[in-house]
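**Q** Quick one: sequence and predicted model below, then my questions.
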Amino acid sequence: MKISIRRNLPDNLEEFLNILKMLFERNVYDMKHMILYYNALYGALDRVTSTLDGSGCWKVSLIRIRQLVDMTFDKLVQTHFTFQKFEKYAGVVFGL
């Protein structure tokens, strides 16, 4: 987001959420918020990925982070959400 707006992130939450909405509309899905309701899914991205993937062999690196996020998100949606349930999480950011 910081790169997209070419300035520092705002100090207040309201301005941050306005910029987030302007850039992404409702196309923001926070996996941390989505997994809150599933007891078997918890922890950091690599733990959630390992649980969903079953292989347990994921190592998070800066080079692979985008691929890991995309793969984990897709697997999370396929295995735990119907389209209707999935849509209710649009635009929600965990803890804000």
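**A** Cool, the structure landed. Numbers count the residues shown, from 1 in each chain.
**Q** buried set for the top helix by length along the chain?
**A** If each helix of the chain is counted by residues according to DSSP state H, the longest one is helix 65-80. If you call a residue buried by 16 or more other C-beta atoms under 10 Å, then helix 65-80 has these buried ones: L68, T72, F73, K75, L76, V77, H80. C-beta: built from backbone N, CA, C; applies to glycine.
**Q** ok, the residues you listed vs F86, which is closest?
**A** Nearest to F86 out of these is V77 (C-beta to C-beta; 5.5 Å).
**Q** Next up, the contacts around the closest one.
**A** F86 (C-beta atoms under 8 Å, 6 or more residues apart in numbering).
**Q** Quickly note the distance from it to N8.
**A** 33 Å (C-beta to C-beta, to the nearest Å).
**Q** do the same with L76
**A** On the measure of C-beta to C-beta, L76 and N8 end up 31 Å apart.
**Q** Not counting its neighbours along the chain, what's nearest F86?
**A** Once flanking residues are discounted, F86 sits nearest to V77: 5.5 Å by C-beta to C-beta, 6 or more residues apart in numbering.
**Q** Please apply the same query to I19.
**A** That would be I5: by C-beta to C-beta, 6+ apart, it lies 6.0 Å from I19.
**Q** Which parts of this protein are helices?
**A** 2-5, 13-24, 31-34, 45-53, 65-80, 83-87.
**Q** Serialize these to CSV and add fields for mean pLDDT.
**A** CSV is the format used below for the helices of the chain (pLDDT from 0 to 100):
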stretch, mean pLDDT
helix 2-5, 79
helix 13-24, 86
helix 31-34, 80
helix 45-53, 75
helix 65-80, 79
helix 83-87, 71
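**Q** nearest to F94, of the ones you listed?
**A** Once the helices of the chain are compared by C-beta to C-beta, helix 31-34 is nearest, at 3.9 Å.
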